[in-house]
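Asker: Starting from these lines, generate the structure:
(one chain, ligands or ions: 1)
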Amino acid sequence: MNLGGTQILLDPGPGSLVYAIKHKCEPPQLSAIILSHKHLDHSVDINVMIEAMTDGGWKPRGCLFAPSDAFNNGAVIFPYLQKYPQKVELLEEGKQYSVGGVEFSTPVKHIHQVETYGFVFRTPTHKFSWITDTRVFNDLASHYKAELVIINVLSLESRLPVDHLSLRDAELIIKEIRPKMAVLTHFGLTMWPVKPWEIESKVSEDTGVRVIAARDGMKLDLDEVT
Ligand SMILES: [Zn+2]
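Answerer: So this is what the prediction gives:
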């Protein structure tokens, strides 16, 4: 994300460094790396990106935000890299954080196999939320009211006991929040056969909200969220 010049990387999954370079995002320009939770599809490149942000530790800079279990008991962040960022902060339920001119909060602990948080980001001009991996639970939507909501959607239908949101869950959340726009991302294998980009218009019709299925390399200008 580039929010008024503050560049933030959320969840450095597989290939983060390669994709960053491909899309002309310079890791040494990053102000922060945020990890929602330590599952590999979100965290596998976090050590690589900490090195890239700090020039291999030679230029301590930037902030790192992650849940405590990413640092201990099956840590995914190597101890020797934890001194490279200028600031390391633990994510906790109900806390507020800031980096550059951007504020964000982690309103509620998610129901997922490991410690997981979603985010509400605030800039001087915009407010948007990101509902990361979680099982649906009471009041989930109420924590993420914003003009733009990004939702991690794994599957078409609920596949209990998987602790993830389905497309049906996402539709209910969108109907409750009623944002100006919703973006669906994090598609699992059962979503690909239905071609997420082909169901955008149906989901938009069903919810009454403009819904976009994220693509690799897609750019979204917050000023266009109207
Ligand atoms: Zn996960």
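Asker: Could you give the number of residues near Gln113?
Answerer: 12 (other CB atoms under 10 Å). Quick note: C-beta positions are derived from backbone N, CA and C, even for glycine.
Asker: residues in contact with it?
Answerer: Residues near Gln113 by CB atoms under 8 Å, 6 or more residues apart in numbering: His39, Asp163.
Asker: do the one 10 residues further on as well
Answerer: Under the criterion of CB under 8 Å, 6+ apart, the contact partners of Thr123 comprise Leu3, Gly4, Gly101, Val102, Glu103, Leu222.
Asker: farthest pair in those residues?
Answerer: Glu103 and Leu222 (14.8 Å; CB to CB).
Asker: Just want to know which of these two has more residues nearby.
Answerer: A count of neighbours by other CB under 10 Å puts Leu222 above the other of Glu103 and Leu222, at 19 against 15.
Asker: If I follow the layout properly, Arg178 ends up in contact with Val209?
Answerer: Yes. When contacts are counted by CB atoms under 8 Å, Arg178 is listed as touching Val209 (6.4 Å).
Asker: Neighbour count: the two, which is higher?
Answerer: Between Arg178 and Val209, counting by other CB under 10 Å, Val209 is the more crowded of the two (18 against 13).
Asker: surely that one meets Ile174?
Answerer: Yes. Val209 lies in contact with Ile174 (CB under 8 Å); the separation is 5.2 Å.
Asker: Need the residues touching each of those two.
Answerer: With CB under 8 Å, 6+ apart as the test, Val209 and Ile174 both reach Ala182.
Asker: In which helix or strand does Gln96 reside?
Answerer: Counting by DSSP states H and E, the element that carries Gln96 is strand 95-99.
Asker: Direction included, what does that strand pair up with?
Answerer: strand 102-106 (antiparallel) (DSSP bridges).
Asker: residue ranges of the helices in this protein, please?
Answerer: Ranges of helices in the chain, per DSSP state H, are 16-22, 40-43, 46-53, 167-177, 196-207.
Asker: List, one by one, the residues from this structure near the ion.
Answerer: Contact residues, the chain versus the ion (CB under 5 Å from the ion): His39, Asp133.
Asker: how's the chain carved up into domains?
Answerer: Domains of the chain are assigned by automatic domain parsing as 1-93, 126-226.
Asker: how about the ones you listed in JSON lines, adding distance to Ile111?
Answerer: Compiled in JSON lines, the domains of the chain are given as follows (distance: least, CB to CB, whole Å):
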{"stretch": "domain 1-93", "distance to Ile111": "11"}
{"stretch": "domain 126-226", "distance to Ile111": "4"}
